[in-house]
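1. Quick one: sequence and predicted model below, then my questions.
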Amino acid sequence: MVTTMIAARVSPARVGAVFGRNVGALRSGPAYWLVLLSGFFEPVLYLLSIGVGVGALVGDLQVGDRSLPYAAFVAPAMLAVSAMSGALAETTYNFFFKMKYQKTFEAVLATPVRPFEIAVGELGWAMVRGSLYTGLFLVVMVALGLAAPLWALAAFPATILVGLAFGSIGMAISTLLRGWQDFDLMSTGQFALFLFSGTFSPVGDYPAAMQVLIQLTPLYHAVELVRGIAIGQMAWGLLAHAAYLLAMVVGGLLFAARRLQRTLCE
Amino acid sequence: MSEGLARVCTVSDQPLIYARGLVKRFGDFTAVDGIDLSVAPGEAFGFLGPNGAGKSSTMRMIGCVSMPTSGELRILGMDPVRDGTRIRARLGVCPQLDNLDPDLSVRENLLTYARYFGVPRAEARRRADELLEFVQLADRAGSKVDPLSGGMKRRLTIARAMVNDPDLVLLDEPTTGLDPQARHLLWERLFQLKRRGTTLVLTTHYMDEAEQLCDRLVVMDGGRIVAEGSPRALIETYSTPEVVELRFGDERPADLAGKLAGVGTRIDPLPDRLLVYAADGDAATAEVHRRGLTPSSVLVRRSTLEDVFLHLTGRTLVD
C-alpha cells in the first residue's frame, strides 16, 4: 500500500538525474576508476587460492545428487560475494560520504527530487558497479571451465537481484551509521557472512543450530540462488531464496528513504 | 542582460510567501515561535537577526525541506506539505554552508543540478554558460570546486540556485565569511538579479547587507519577529536620525552617563564609548561640551540599521 503510493510518485527523470550525477563524477577524474578496479580482484583471488588451490586437496564435493569439483562449488559463491561487495562498496562508503560529509543529498533535496528517488538512483548506480564485477567474474568462471556459458548467462540476472538486495540494505545501514568507526563493525559482519554462508563448505556440514542461524542471514540465500542456477540445478526452492532477497530490496529502500527524510528534512 | 534570463514581470497581488502563526519546534526547543510573513513578487526581503534567532529554520520551511510544526504556510500559493515537489521546482536555494559537489567540475555542478529540475540538456548547457558568465566564473568552468576561493564558491552556489530560472531565490547568509572584495562583487550580482525582478529572500546579520539589498525586512529574535519595515522606516522608528559616538580617555563611559541625562533621546554606554541618539547630532555635541565634559573624540554619524538591531535584540552575545 505504502509502496505503491510511493512508487506512483517516483519520477524516472529525477531518478535518472541522481544516477547521472555519479556518471558525471566518473567522467571527471581517474580516482574513481581505481576504486572501481580494485573491487573486482578480491573474489577472483579467493577463487584462485581457495577454489583452485585448496580444491586440489579437497577433491570433488557432493551437492544434491551431483558430484562437483570443489572449485565449481566455490565459484558461484564468489560470484554472489562479488555481487554483494560491489553493491555494498557503493551504497555504504560512497553513500555515507555523500550523505554525511559531502552534503550531496542535502543539495539534491532542495530540488524537486525526493528521498525515495535518491535511494533508487543511488541503488541503480550501485548496480552498474556490481554488474561490472559479476559480469567479468562470470567470464572468468566460463574461461576456467567452472560454469557452462548458458548457465552463466542465466545466473547473471540472479546476481543483479543479489546486488539490489545488498545495495538496499547497505543504504539502509548507511543512514544509521554515526561515523567511520562503525564501518569496522560492518566489515566484520560482512566478513562473517563471507566465511559462513555456504561459501566454502556446504551449510549441511554445520551443527543444526548453526544451520538455522545461517539460513536467517542474507548471503546464504544469495549463494544458494546463484549456485543453483550456475550449476544448472534448478529447483522450486530457489524461488524462496529469491523472495528473501526481494524482501531485502523493498524493505531496504523504504527504510533508507525514510531515514534520509528524517535526517535531512528535519 | 541576456534574453534567456530575462523575466516577464507579472503584476500579481498574490504573495509568493504567506505565513500565519508559523511555528517550528525541534523536541522541546522552539526555533520559530509563531511568525507572520508576506512577501510580494519582485520584492527583496530580509531576515535580520542574531545567531539562533530562527532565520535558518524559517528559510528551510520556506524552501520546503522542513515541515512546519504548526501554523499556516503558503509558498507560491501552494501548500508545502502537499506540493513540496512542485514548489521546490520553482525555487532557487543558496544554503548557508556551501554544498557544491566536489566530485564534479564547476560547469558539471550546474548541469547536474539542472537535471534535478528536469531542464533539457541543451537548455541546461546554454543556461550554465550564461550563468557562469553572469557570476564571472566562465574562465573556471572546467576547474574542480575545491580550488575555488570562498567568494567564487558562493557565486557558483548562486549560479546553481538560478539554473532552474526560479520565481523565488532564497539566500541564507550569502556573504558570511567572505572578504570585502568578494562581498561587494556578490552584492553587485544580487543587485542585478533584483533589478531583473527576481524575488529575493535573504537572511543576514550584516546590517550593511540588509540596507544595501532589502526593500523590506523583519528583525527576528528568539524565534519571533520583533520589528518589520523598510530599512529607512526601521531606523526612523527604532532609532534617531543621528548618533553621536563619544570616547573619553580614562573615564568609564558608564560613570559619565548620569551627567548626560536628557541629552538626545537615548544614551547607550558601551565599554569603550558612549552613544548618544539624537535628532541633531551637532546640537547634542554642543550640549555635551556645555555640561563641561571633554570627550577625547567625537563622531557624529547617521543612524544605521545596526543601531536598530542592537537596540531590538540587545547586546548580549548569542551563540
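-> Done, it's in. Residues are numbered from 1 along each chain as shown, chains lettered A, B, ... in the order given.
2. Show me where the chain has its strands.
-> No chain specified, so I'll use chain A. Here chain A has its strands, by DSSP state E, at A:60-63, A:66-69.
3. not what I meant, chain B
-> Using DSSP E, the strands of chain B run over B:17-26, B:29-39, B:44-48, B:70-75, B:91-94, B:168-172, B:199-204, B:216-221, B:224-229, B:242-247, B:266-269, B:274-278, B:297-302.
4. Can I get these in a markdown table including mean neighbour count and distance to residue A:87?
-> Every C-beta, even on glycine, is put in place using the N, C-alpha and C of the backbone. Listed next are the strands of chain B as a markdown table, based on neighbours: other CB atoms under 10 Å in any protein chain shown; distance: least, CB to CB, whole Å:
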| stretch | mean neighbour count | distance to residue A:87 |
| --- | --- | --- |
| strand B:17-26 | 18 | 35 |
| strand B:29-39 | 18 | 38 |
| strand B:44-48 | 26 | 44 |
| strand B:70-75 | 18 | 38 |
| strand B:91-94 | 26 | 32 |
| strand B:168-172 | 23 | 36 |
| strand B:199-204 | 24 | 41 |
| strand B:216-221 | 23 | 46 |
| strand B:224-229 | 17 | 49 |
| strand B:242-247 | 21 | 65 |
| strand B:266-269 | 18 | 64 |
| strand B:274-278 | 23 | 65 |
| strand B:297-302 | 13 | 64 |
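5. among those, which is nearest chain A?
-> strand B:91-94 (4.3 Å; CB to the nearest CB).
6. Give the burial count for the residue nearest to residue A:35 when sequence neighbours are not counted, as a bare number.
-> The shortest distance from residue A:35 to any non-neighbouring residue, by CB to CB, 6 or more residues apart in numbering or on different chains, is to residue A:89 (7.7 Å). Close neighbours of residue A:89, defined as other CB atoms under 10 Å in any protein chain shown, add up to 21.
7. isn't residue A:89 right up against residue A:37?
-> No: taking contacts as CB atoms under 8 Å, residue A:89 lies outside contact range of residue A:37: 11.9 Å.
8. got a list of what the residue of the stretch 151-266 of chain A found nearest chain B touches?
-> Using CB to the nearest CB, the closest approach of the stretch 151-266 of chain A to chain B is made by residue A:265 at 5.0 Å. Counting by CB atoms under 8 Å, 6 or more residues apart in numbering or on different chains, residue A:265 touches A:109, A:115, B:65-67.
9. If we use 10 Å, what do you get?
-> A:106, A:109, A:114-115, B:60, B:64-67, B:84 (CB atoms under 10 Å, 6 or more residues apart in numbering or on different chains).
10. can you pick the most crowded of the residues you listed?
-> residue B:64 (27 neighbours).
11. which regions of the stretch 151-300 of chain B sit below the pLDDT cut-off?
-> Applying pLDDT under 70 to the stretch 151-300 of chain B picks out no residues at all.
12. Now do the helices in it.
-> Assigned by DSSP state H, counting those that start in this stretch, the stretch 151-300 of chain B shows helices spanning B:180-195, B:207-213, B:231-238, B:253-256, B:281-290.
13. What are the buried residues along the fourth one?
-> In this case it means helix B:253-256. For helix B:253-256, a neighbour-count test (16 or more other CB atoms under 10 Å in any protein chain shown) marks B:253, B:256 as buried.
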